[in-house]
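Participant: structural data only, the sequence is not supplied:
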């Protein structure tokens, strides 16, 4: 705790709960805090990456923005796990479908995360690490989705370093391996959790489809993906 506040999170010791729901968009974090938390208190505004702590059904919970990409969520989740005593992180995000069976608005529960990133190189492993979610959280998310009647899929995500890649069709190679959807953060979150002994899960809402070319608006990404939020808060 001696290293807090950090260069990226302005919270003091004890201001962040040991269970955190994260979102890439800090305005989505603010939306969730206002919608789900009782008596939310803002603890962070450094770099505009908003963070709040309150209670949800009597349980102390924090909500924190993490920005875009693995380097960004890598920093925020590392600091939460290592410096703020966080035990559990659930990321709620948007994803692009790369599978015909995954439709617009579907919730994808990321059991594992493939990646084209070099993030794992820092560990000096003598092979390839497979980033996976905490099984208890996966199981709880499935049960909550079924309880709520939410349309969901469980499987592999692709955490990519590229939003505008030079090869526009590279996703088709991942589709051949049964990957469901692409986003930009899950692998780094899962690796940090593994290294720190924490629990992590990524739950995404399909906001666009590389298969059909469909896409939703930025406003919808920020405020309307409430099914995944209901699942996340229900299991946090």
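Facilitator: Everything's here; your move. As the structure is a prediction and not an experimental result, all values here were calculated from the model.
Participant: most centrally placed residue in this structure?
Facilitator: Closest residue to the average C-alpha location of the chain: residue 91 at 2.2 Å, with C-alpha atoms, centre = their mean.
Participant: what helix or strand is that one located in?
Facilitator: strand 88-97 (DSSP states H and E).
Participant: what packs against the helix or strand that that strand is followed by?
Facilitator: Sequence-wise, the next helix or strand downstream of strand 88-97 (DSSP H and E) is strand 107-115. For strand 107-115, the packing partners by 3 or more C-beta pairs under 8 Å, 6 or more residues apart in numbering; DSSP states H and E come out as helix 135-148, strand 152-159, helix 186-196, strand 199-209, helix 226-235. (Glycine included, C-beta is placed from N, CA and C.)
Participant: from the chain's centroid, how far away is the fourth one?
Facilitator: To tie it back to what came earlier, the one meant is strand 199-209. 7 Å (C-alpha atoms, centre = their mean, to the nearest Å).
Participant: for it, packing partners?
Facilitator: Judged by 3+ C-beta pairs under 8 Å, 6+ apart, the packing partners of strand 199-209 are strand 88-97, strand 107-115, helix 135-148, strand 181-183, helix 186-196, helix 226-235.
Participant: closest to residue 34 out of those?
Facilitator: Nearest of the helices and strands packed on strand 199-209 to residue 34, taken as C-beta to C-beta: helix 226-235 at 11.6 Å.
Participant: what residues of that closest one count as buried?
Facilitator: Within helix 226-235, the residues that count as buried by 16 or more other C-beta atoms under 10 Å are 227-235.
Participant: which residues are contacting that helix?
Facilitator: Identification of contacts with helix 226-235 by C-beta atoms under 8 Å, 6 or more residues apart in numbering yields 21, 32, 35-36, 56, 61, 90, 92, 105, 107, 137, 140-141, 144-145, 147-148, 150, 203-205.
Participant: follow-up on the earlier one: in its sheet, which strands sit next to the strand holding residue 91, and in what direction?
Facilitator: The pairing partners recorded for strand 88-97 under DSSP bridges are strand 19-23 (parallel), strand 181-183 (antiparallel), strand 199-209 (parallel).
Participant: out of the ones you listed, the one nearest residue 80 is which?
Facilitator: Of the strands paired with strand 88-97, nearest to residue 80 by C-beta to C-beta is strand 19-23, at 5.8 Å.
Participant: right, I'll leave it there.
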